[in-house]
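next input, structure requested:
(4 chains)
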2 protein chains.
Amino acid sequence: MASRDVGDGVAQPQLSAQERILETSYDLFSRDGVRAVGIDRIIAEAKIAKATLYRHFASKEDLVLAFLDLREQRWTREWLEAETERLAPTPSEHVLALFDALDEWFHRPDYEGCPFIKTLLEIREPDSPIHRAAEQHLGVIRAKLERYAEQAGARDPEEMSYQLQILMMGAIVSAGRGDPEAACRARVFARLLIDSSS
Amino acid sequence: MASRDVGDGVAQPQLSAQERILETSYDLFSRDGVRAVGIDRIIAEAKIAKATLYRHFASKEDLVLAFLDLREQRWTREWLEAETERLAPTPSEHVLALFDALDEWFHRPDYEGCPFIKTLLEIREPDSPIHRAAEQHLGVIRAKLERYAEQAGARDPEEMSYQLQILMMGAIVSAGRGDPEAACRARVFARLLIDSSS
DNA sequence: CGTTGACTATACAAGCCTGTCTAACTACTG
DNA sequence: CAGTAGTTAGACAGGCTTGTATAGTCAACG
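Residues are numbered from 1 along each chain as shown, chains lettered A, B, ... in the order given. So this is what the prediction gives:
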């Protein structure tokens, strides 16, 4: 457990080797995709030896799965859900506040897109553990949307959750294409849907 | 296992080598993505020699660009636009008919998703000719949506075109995630938008 | 002191990838 | 017949990929 204070320029001097691997993977995989980022780039940027990486993770696939789990924890739960519920005055407004949270995200200069979507499209083999994990992480988001739909008084919360996820994913792709106002445009749809469904 | 590999799917024996290369690239790139498909797989499936491929296309990048152009011709123009305008009783209903066309597409057993979106997410370097080509092909679709929005009597056709593309891309990704009814769900939004915007 | 566990650095295997090259074959054309 | 353009099969270069192996360093602990 002895992690030395190497003082590697920026931040986090006390992180263990495993933590540095995960932090670096998180940044690189999030920005450039799990396929484009190779092991060599991770070990160079995390400043660890290759053998150390393979002592903590059996394979790159293992590392990608750990990354996707971390992404769900940090982005889905600790950021998207927290921010949505912070922005909404009442639970019935969670659906609309979701798009306010997305709006903040899209306007960040380092907007990186959604690794779940990117991974799903990048790793096409339906039986691959990575493909299935990405699907499942998107399923967790849909389940959350269903709860928001309930709280908004939707007649059919499950149907609305699928509709909201279409909006959300469409806005994410559109923002990646260069439209930072995509969340506002999607929010209009959400408002129309709520007004017509209550 | 019956070996009918001479049939080759779309077997027209009088196709020139260049045509066979493009046909095979179209099928493989559309289904598996431009990054996952290698030159070796294309020459094997097209039954041509590697030197022949490089006599017709300077590089893989050139081949990918030719594929994206062909995709716009066949899918965007000859299929999506034609089918949308065939399905609509009047020009004002092009917007809704668009989602009826998408519905057909999503229910095809060989639904392959949108190569423009996949390529855009896969090739991240913003200056890459491939990235820019994918962006531009999506721009052509948006321009068509703007015309449909005009014909539907939208107050702000450009704004509506961006909103419709969010719906369209969201439905495409959702269908790729395993929701073949995504087009119907997205059509509900389009109907709401039209009713509120006229 | 000596052992042990974690880490580092680096070389290397085996496989893919793009792209080049050679040598031979085929078909058309003057 | 001779020349030319297009094609074929395959070897090969050089780079990048994941993953393993080797050898040595460092710190903690009994």
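
for DNA strand C, what are the nearby residues on chain A?
Contact residues, chain A versus DNA strand C (C-beta under 7 Å from any atom of the strand): A:1, A:3, A:16-18, A:47-52, A:55-56. Using the backbone N, CA and C atoms, a C-beta is placed for each residue, glycine as well.

want to throw these into CSV with distance to chain B, neighbour count and pLDDT?
CSV is the format used below for the residues of chain A next to DNA strand C (distance: C-beta to the nearest C-beta, whole Å; neighbours: other C-beta atoms under 10 Å in any protein chain shown; pLDDT from 0 to 100):
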residue, distance to chain B, neighbour count, pLDDT
A:Met1, 36, 5, 37
A:Ser3, 32, 14, 38
A:Ser16, 30, 13, 85
A:Ala17, 28, 18, 78
A:Gln18, 27, 18, 90
A:Lys47, 24, 12, 94
A:Ile48, 25, 19, 95
A:Ala49, 28, 11, 95
A:Lys50, 24, 12, 96
A:Ala51, 29, 8, 95
A:Thr52, 28, 15, 96
A:Arg55, 30, 12, 95
A:His56, 27, 16, 95
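
report the closest residue of chain A relative to chain B.
Residue nearest to chain B within chain A (C-beta to the nearest C-beta): A:Gly170, separated by 2.5 Å.

how many neighbours does the nearest residue to that residue once chain neighbours are set aside have?
Among residues not flanking A:Gly170 along the chain, B:Gly170 sits closest, at 2.5 Å (C-beta to C-beta, 6 or more residues apart in numbering or on different chains). Here the count is done by other C-beta atoms under 10 Å in any protein chain shown, and B:Gly170 has 28 residues near it.

B:Gly170 touches B:Arg185, doesn't it?
No. Using C-beta atoms under 8 Å, B:Gly170 makes no contact with B:Arg185, being 9.2 Å away.

what's the overlap in contacts for the two?
Residues touching both B:Gly170 and B:Arg185 by C-beta atoms under 8 Å, 6 or more residues apart in numbering or on different chains: A:Ile166.

what does the strand or helix carrying A:Ile141 rub up against?
Counting by DSSP states H and E, the element that carries A:Ile141 is helix A:129-151. With C-beta under 8 Å, 6+ apart as the test, helix A:129-151 has contacts from A:34, A:61, A:64-65, A:68-69, A:71-72, A:76, A:80-81, A:84, A:91-92, A:94-95, A:98, A:115-117, A:119-120, A:123-126, A:157-158, A:160-162, A:164-165, A:168, B:177-178.

leaving out the residues flanking it, which one is nearest to A:Tyr162?
B:Arg185 (5.6 Å).

which SSE is that neighbour in?
helix B:182-196.

same check on A:Pro89?
Using DSSP H and E, no helix or strand contains A:Pro89.

now check whichever helix or strand A:Ile117 is part of, is it near chain B?
Taking DSSP H and E as the criterion, A:Ile117 maps to helix A:115-122. Yes. Residues of helix A:115-122 are located near chain B by C-beta under 8 Å from any C-beta of the partner chain, namely A:117-118, A:120-122.
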